[in-house]
Every structure is written in C-alpha cells, then in structure tokens.
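S.K.: Here you go, sequence then predicted model.
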Amino acid sequence: QKEVEQNSGPLSVPEGAIASLNCTYSDRGSQSFFWYRQYSGKSPELIMFIYSNGDKEDGRFTAQLNKASQYVSLLIRDSQPSDSATYLCAVIMTTDSWGKLQFGAGTQVVVTP
Amino acid sequence: DVKVTQSSRYLVKRTGEKVFLECVQDMDHENMFWYRQDPGLGLRLIYFSYDVKMKEKGDIPEGYSVSREKKERFSLILESASTNQTSMYLCASRARYGYTFGSGTRLTVV
C-alpha cells in the first residue's frame, strides 16, 4: 500500500464546474497536509495546507480533512482552463523520523471550455 | 517569500561526464531536498540535508552524491552521468508551511 494515494486521472471538468480531488494516506497519526499544483514542465507550487479536521477555504479552493477516515480532498470551484494542471497531495507522516513530506503521484485535471 | 534558485533550467551532458546541479535558498532554512521527477513515477527523493555538511539518503541515491558546505547551497552531483539519469531535477527547501521548490533543471544525458 502506498503511503499517499491519489487517482491519477485525468479528471475532466467542464469550465465553471467544481473539480473534486481526493487523497488518502496510510498513517493515522499524520497531522499536516498540503496541496501543490504543478503545471506541465514547471515545478510544484503550494496552494493549500490544512492541519485541522474540517474545511479550509482560500479563494476558489477548499481543502477538506477527515482524519478519522484518513483522507484529504481539494475542491476547485468555478474551474477555469488555467486550473488545468497536476495536483499533488503531500503529507507529513509521524512514521518518518525526519518529518519529510510524502507525496502522492498526483491527479491530472483538465478543464474543458 | 522564500526563493529557491536552481542554476540551470536546461542542461545537456554526455554519458560519463560529472554533472553538478546547484540550488540556493535565501531564507536560512536548515532542510533542503533533491528530487527527480519522471512521467508516471512522481517525485522521488534522491537526497536531503538537514544542516551544513549533514546529508541523508532518500529513496533513490544510487549514482548521485550531494554537497552542502554552506547553509544556503545544496548541490547534487552525478558522478558519471548515464542516460537513465535523464530527468527533471527539483530542489526544495523546507519553509514554515511545506516545501518551496526551485524552478527545476531538465537534464538530458546523451
């Protein structure tokens, strides 16, 4: 079992719709969760982080965390073609003595006009 | 904002060459990382450093070494480049929230 799992996609989303991305993780004790966006040929950039159960909103992005079910999700409202990218979920595992980020393989999102 | 600078955006090297990839961060961060990213394989950690002259192997250290003589600079060294090291190389620095990545170096070994 991978430590951080994401559907690879592609997730096709009509312009203006909500994109919903999911991420599950294996370490129940994990406390810190991050979402990165990576455009093709570019490096990942941090768009959201969340530490507490529940929702955290930032503009059109909402991160949702459910520690009991060990998943974190990212919602993108009013999706735009500029949101077409790969989204990486990252988790700090308590099982990692260095507290490094463990990355999922990413979900590709394609927003169609 | 933290700035992580990778010295080269694109590099083409010949098989057997010794290759240096440089990374500099401007926020006095202790932890720095080198990843490679290949299609379908995601981000794979090569090496990381938690302080000057301190290093730890990541998941795929074979064929690589690193150097951290100053806190702001973390170098990745390919001792003898091979074609299977053709990849996108990403440096990252650990900020207060997550990592900040450099712009990446696309290395082609011919």
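M.R.: Cool, the structure landed. Numbering: from 1, shown residues only, chains lettered A, B, ... in the order given.
S.K.: now stretch A:21-40: how far from the chain's centre is it?
M.R.: Stretch A:21-40 has its average C-alpha position 5 Å from the chain's average C-alpha position, going by CA atoms, centre = their mean, to the nearest Å.
S.K.: Report whether that stretch contacts chain B.
M.R.: Yes. When contact is scored as CB under 8 Å from any CB of the partner chain, part of stretch A:21-40 falls within range of chain B: A:34, A:36. Heads up, the C-betas are built off the backbone N, CA and C, glycines and all.
S.K.: Return the set of buried residues in that stretch.
M.R.: Across stretch A:21-40, burial judged by 16 or more other CB atoms under 10 Å in any protein chain shown covers A:21-25, A:27, A:30, A:32-38.
S.K.: Residue A:44 touches residue A:38, doesn't it?
M.R.: Yes. Here residue A:44 lies in contact with residue A:38, judged by CB atoms under 8 Å, at a distance of 4.4 Å.
S.K.: and residue 106, how many neighbours?
M.R.: All of this refers to chain A. 24 (other CB atoms under 10 Å in any protein chain shown).
S.K.: Oops, wrong one, chain B.
M.R.: For residue B:106, the number of neighbouring residues by other CB under 10 Å comes to 15.
S.K.: Could you report the pLDDT at it?
M.R.: Residue B:106 is assigned a pLDDT of 97 by the prediction.
S.K.: Show me the residue at the heart of chain B, geometrically.
M.R.: The structure's chain B has its C-alpha centroid closest to residue B:34; by CA atoms, centre = their mean the separation is 3.3 Å.
S.K.: Kindly confirm my reading that that residue forms part of a strand.
M.R.: Yes. Under DSSP: H, G, I helix; E, B strand; the rest coil, residue B:34 sits within a strand.
S.K.: Tell me the spacing between it and chain A.
M.R.: Distance of residue B:34 to chain A, given as CB to the nearest CB, to the nearest Å: 12 Å.
S.K.: I'd say that residue and residue B:78 touch.
M.R.: No. In this structure, residue B:34 is not within contact of residue B:78 by CB under 8 Å, at 10.9 Å.
S.K.: circling back to that earlier point, local confidence estimate at the residue nearest to the centre of chain B?
M.R.: pLDDT at residue B:34 comes out at 98.
S.K.: How about the contacts made by it?
M.R.: Applying CB atoms under 8 Å, 6 or more residues apart in numbering or on different chains, we find residue B:34 in contact with B:21, B:23, B:45-48, B:58, B:64, B:66, B:74, B:76, B:89-92.
S.K.: Repeat the analysis, applying 6 Å as the threshold.
M.R.: Contacts here follow CB atoms under 6 Å, 6 or more residues apart in numbering or on different chains; on that basis residue B:34 touches B:46, B:47, B:76, B:91.
S.K.: among those, who's most crowded?
M.R.: The most crowded member of the contacts of residue B:34 is residue B:91, carrying 28 neighbours; neighbours defined as other CB under 10 Å.
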